[in-house]
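K.L.:
Here's my sequence, what's the structure:
(one chain, ligands or ions: 1)
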Amino acid sequence: MQNELITVMGATGNTGYEITKRLLAAGHRVRALGRSQDKLAELTAAGAETAAGDAADPTFLTEAFRGSAAVYTLLPIDVTWADYHAEVGVIGSAVVEAVRVAGIRHVVALSSLGAELPTGTGFLTSLHAQEQRWSALPEVNVLLLRPGLFFESFRAALGMIETEGINGDSVDPDVRIPMIATRDIAEAAATALATRDWHGIVVRELLGQRDLSYREATAILGAAMGRPALPYVQFDYDAMTHALIESGFSQNVASQHVAMTQAFNENRVVPLRGRTPDNTTPTRFEDFAAELFEAHRRPS
Ligand SMILES: NC(=O)c1ccc[n+]([C@@H]2O[C@H](COP(=O)([O-])OP(=O)(O)OC[C@H]3O[C@@H](n4cnc5c(N)ncnc54)[C@H](OP(=O)(O)O)[C@@H]3O)[C@@H](O)[C@H]2O)c1
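P.N.:
Next up is the predicted model:
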C-alpha cells in the first residue's frame, strides 16, 4: 500500500502539514496541495509531489486528486470573505465534485464537534453543510473527523497578550471545551489515510487530552510566557465583533466567530459520545503552550 498515492489538501496549514510529514516519514507517496509553490517548496524538498491552485476550482482539484488511493480534505477560511458560507460553500462543492469525478474511494474529511447542528454555530454551520454534501456520495468511504477547538487557535492571542497584557474573547471564562493539538488530529488522519480501514460514512470525534476552559487555558499560556497572572477577559459579543473587524476580519466572518463562541457558551458544541480512551489524544495544552512561546520568541 506504500506505493499508492495519498493526496493532502491544505498541506501548508496546521493539519495538512503534519499529515504530510507523517505520511512521508512512513514511506508513503504523497501529493501535497496548497495555493503557493513557494510555500510548498519545503514539502517538495521532503519528498512530496506538490500542486498549487485554488480549491474553488473543481478542475484543479480533480486533476490534483486523480489517481489517489485516499484524499484528506478541509475547508479553508479567509477572514476577509464578504459572505463566509457562500464562499466556503463553493469550495466545499468543488471538493466533493472533484472526489466524485476523480473516482476517489477513501476520503478523510476535517469537520468539527458541533457539525451535526444545521444552524446557530457560526463557522461550524458550513461544516454541517459539507457533511451533508458527503452523504450524497454513498459510493465513497468518508471518515468525518470532528475535533474540538484547536490549541493553535490561541496563536492569535499572542499579540493581545503582548500589547494589552490580557487574553480576551467572547467565550465564557468557565465553560469547558474539548481542546486538541492539530498534531493529534494529524496522527489520526494519517493513520486512517494509510490504512483505509472504514466503510461508508463514519464520524469520529477527537477530544484532545482533556476539556479546558478559557480561564484555565489562559493561565497555562501565562505560566509558559512568564506572566503567571495573565487574565482572561470575556468581551461581550458586540465588542468581540468590533475587535475582530479592527484586526482585519470582514463583518460577516467576525459574526461567524462570535456565533460559534455563543454556541460554546450555551453548551451546544459538545461531544455526542462522551470522552473515552479512543477519542482522547495525548498532547497536553501545557506542552503546546511552551512550544508556542518558544516559537514566538525565536527570530524568524
Ligand atoms: N480552529 C479550530 O479550532 C477548528 C476546530 C475544528 C475544525 N476546524 C476547521 O479546520 C479547518 C482548517 O484546518 P487547518 O487549521 O488545518 O487549516 P489552516 O491552517 O487554516 O490552513 C489552510 C490550508 O488551506 C490552504 N488554502 C487556503 N485557502 C485556499 C484556497 N482558496 N485554495 C486552496 N488552498 C487554500 C492554505 O494554503 P496557504 O498556506 O497558501 O494559506 C493552507 O494550506 C477549517 O475548516 C476549520 O473550520 C478548526
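K.L.:
so how far is Ala56 from whichever residue of the chain sits closest to the ligand?
P.N.:
Residue of the chain nearest the ligand, by Cβ to the nearest ligand atom: Gly13 (2.1 Å). Glycine gets a C-beta too; all of them are placed from N, C-alpha and C. Separation of Gly13 from Ala56 (Cβ to Cβ, to the nearest Å): 16 Å.
K.L.:
Arg215 too?
P.N.:
39 Å.
K.L.:
show me what contacts the residue of the chain closest to the ligand?
P.N.:
Counting by Cβ atoms under 8 Å, 6 or more residues apart in numbering, Gly13 touches Gly34, Leu74, Pro76.
K.L.:
of those residues, list those near the ligand.
P.N.:
Counting by Cβ under 6 Å from any ligand atom, Gly34, Leu74, Pro76 from those sit close to the ligand.
K.L.:
residue ranges of the strands in the stretch 1-150 of the chain, please?
P.N.:
Secondary structure of the stretch 1-150 of the chain, counting by DSSP state E, counting those that start in this stretch: strands at 5-8, 29-34, 49-52, 68-73, 106-110, 141-147, 149-150.
K.L.:
Dump those into JSON lines; add mean neighbour count as well.
P.N.:
Shown next, in JSON lines, are the strands of the stretch 1-150 of the chain (neighbours: other Cβ atoms under 10 Å):
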{"stretch": "strand 5-8", "mean neighbour count": "26"}
{"stretch": "strand 29-34", "mean neighbour count": "25"}
{"stretch": "strand 49-52", "mean neighbour count": "18"}
{"stretch": "strand 68-73", "mean neighbour count": "26"}
{"stretch": "strand 106-110", "mean neighbour count": "26"}
{"stretch": "strand 141-147", "mean neighbour count": "24"}
{"stretch": "strand 149-150", "mean neighbour count": "20"}
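K.L.:
So what's the residue count around Ala45?
P.N.:
8 (other Cβ atoms under 10 Å).
K.L.:
Lowest average confidence across helices and strands of the chain, where is it?
P.N.:
When each helix and strand of the chain is scored by mean pLDDT, DSSP states H and E, helix 285-297 comes last, with a mean of 90.
K.L.:
Keeping just the C-alphas, turn the longest helix seen in the chain into PDB.
P.N.:
The longest helix of the chain (DSSP state H) is helix 84-102. This file holds the C-alpha atoms of helix 84-102, laid out as PDB (Å, rounded to 0.1, in the frame of the first residue of the first chain):
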ATOM      1  CA  TYR A  84     -18.300  33.100   4.600                       C
ATOM      2  CA  HIS A  85     -20.900  30.400   4.000                       C
ATOM      3  CA  ALA A  86     -21.300  31.300   0.300                       C
ATOM      4  CA  GLU A  87     -17.500  31.400  -0.400                       C
ATOM      5  CA  VAL A  88     -16.700  28.200   1.600                       C
ATOM      6  CA  GLY A  89     -19.700  26.500   0.000                       C
ATOM      7  CA  VAL A  90     -18.200  27.000  -3.400                       C
ATOM      8  CA  ILE A  91     -15.000  25.300  -2.200                       C
ATOM      9  CA  GLY A  92     -17.000  22.500  -0.400                       C
ATOM     10  CA  SER A  93     -18.900  21.700  -3.600                       C
ATOM     11  CA  ALA A  94     -15.800  21.700  -5.700                       C
ATOM     12  CA  VAL A  95     -14.100  19.300  -3.300                       C
ATOM     13  CA  VAL A  96     -17.000  16.800  -3.300                       C
ATOM     14  CA  GLU A  97     -17.400  17.100  -7.100                       C
ATOM     15  CA  ALA A  98     -13.600  16.500  -7.600                       C
ATOM     16  CA  VAL A  99     -13.700  13.400  -5.500                       C
ATOM     17  CA  ARG A 100     -16.700  12.100  -7.500                       C
ATOM     18  CA  VAL A 101     -15.200  12.900 -10.900                       C
ATOM     19  CA  ALA A 102     -11.700  11.600 -10.000                       C
END
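K.L.:
which parts of it are buried?
P.N.:
84, 87-89, 91-92, 94-100, 102 (16 or more other Cβ atoms under 10 Å).
K.L.:
same question, stretch 249-258
P.N.:
Phe249, Ser250, Asn252, Val253, Ala254, Ser255, Gln256, His257, Val258.
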